[in-house]
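Colleague: Sharing a model prediction with you, sequence too.
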Amino acid sequence: MLKKLIIFLILATAIALFALANRPPKEFVLQTDVLNEASGIDFGILNKEVLFSHNDSGNKAEIYALTIDGKILSTLILKGTKNRDWEDIAVAKDPQNDISYIYIADIGDNNAKYNTVYVYRLKEPQLTGKNEILQISAVDTIEISYEDGPRDAEAIFLEPKTGDIYIISKREEQVGLYRVPYPFNFKDKNNARRIASLPLSWVTAADLSNNGKLLLVKTYTGIYRYKIMLDDKNIIILSKEAKTMPYITETQGEAVCWDAKNKGYFTLSEAATGINQTLYYYK
């Protein structure tokens, strides 16, 4: 299985490099140093042309709003919330009340030792564009346990029609896709059930298009696009084959998201000594 996975990754990388030669991405050097350990990114809904991002384990419980060319717009401070190991972010509307929420996935677990992980939810604020600092005290906590025991994960997305949370694990030779059904229980644990496996490993991020049809899955070495549909129980089904997307290998790339029109996608890596921290846009 490991040999097949290595061959797959080599072929996928070759295809992506060929695509890059024909259409290189736009590059925007970040105009801020607050995202040195960037670990997630997603496009706003209320805030057009705004990206939300954050750092991973042990950093401040803060979300940073960026322009699409890498300038800092706002800082959202989540009061009373801890960044144990924030690994991904998603912005999605609640299917019942149509409110746009930001979801922060505190799901990192390198040693698979935590019995529960957390997803924090807050209303997406309407930003003024004046480099404001917002104190956010209204934060919902979604506590989650996996049906098959603790595991490390860095990728989350929400299905727009159902509101379900999906998590992709990180380290297995074939990673697991887990579903947390909507509506969420904010007083007790929510169960994450494994519904599928993907022929990938070291998954670091994911994002579903806002029409619910195309899923990007990012690893350290590549980006893959799956077509999505819902079965008769409104649970997602992934296409058997994934399309390999153009990608420049980053120092430690752990963030990917679609643009507002699902025509292109952004990636962002952690900072590295001597290298400009760059926001890439592929179209």
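Modeller: Great, that's in hand. Numbering: from 1, shown residues only.

Colleague: Extract the residue ranges of the stretch 1-150 of the chain that are flagged as low pLDDT.
Modeller: The model of the stretch 1-150 of the chain has pLDDT under 70 over residues 1-22.

Colleague: Where do the helices of it begin and end?
Modeller: 2-22 (DSSP state H, counting those that start in this stretch).

Colleague: can you pull out the strands in it?
Modeller: Remark: strands assigned in the stretch 1-150 of the chain by DSSP state E, counting those that start in this stretch are 26-29, 38-43, 50-55, 62-67, 72-78, 88-93, 100-106, 117-123, 133-136, 140-146.

Colleague: quick one: strands adjacent to the last one?
Modeller: Spelled out, it's strand 140-146. If you go by DSSP bridges, strand 140-146 pairs up with strand 117-123 (antiparallel), strand 190-198 (parallel).

Colleague: Pick the most deeply packed of those strands.
Modeller: strand 117-123 (a mean of 20; mean count of other C-beta atoms under 10 Å). Glycine gets a C-beta too; all of them are placed from N, C-alpha and C.

Colleague: quick one, that one and strand 100-106 angle?
Modeller: On the basis of axes from the mean of the first three to the mean of the last three C-alpha atoms, to 10 degrees, strand 117-123 is oriented at 160 degrees to strand 100-106.

Colleague: from the chain's centre, how far out does strand 117-123 sit?
Modeller: 13 Å (C-alpha atoms, centre = their mean, to the nearest Å).

Colleague: do the same with stretch 120-131
Modeller: 18 Å.

Colleague: Can I get the strands paired with strand 140-146 in a markdown table including distance to residue 99?
Modeller: Converted to a markdown table, the strands paired with strand 140-146 look like this (distance: least, C-beta to C-beta, whole Å):
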| stretch | distance to residue 99 |
| --- | --- |
| strand 117-123 | 6 |
| strand 190-198 | 19 |
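
Colleague: Would you tell me which of the ones you listed gets closest to residue 273?
Modeller: strand 117-123 (30.9 Å; C-beta to C-beta).

Colleague: Nearest to residue 200 among the strands of the stretch 1-150 of the chain would be which one?
Modeller: The nearest among the strands of the stretch 1-150 of the chain, by C-beta to C-beta, is strand 88-93 at 15.3 Å.

Colleague: Remind me what the closest one packs against, helices and strands.
Modeller: Here strand 88-93 touches strand 38-43, strand 50-55, strand 100-106, strand 153-158, strand 203-208, going by 3 or more C-beta pairs under 8 Å, 6 or more residues apart in numbering; DSSP states H and E.

Colleague: residues contacting residue 224?
Modeller: 12, 200, 216, 217, 218, 242, 243, 244, 245 (C-beta atoms under 8 Å, 6 or more residues apart in numbering).

Colleague: which stretch of helix or strand covers the third one?
Modeller: This means residue 216. Counting by DSSP states H and E, the element that carries residue 216 is strand 214-219.
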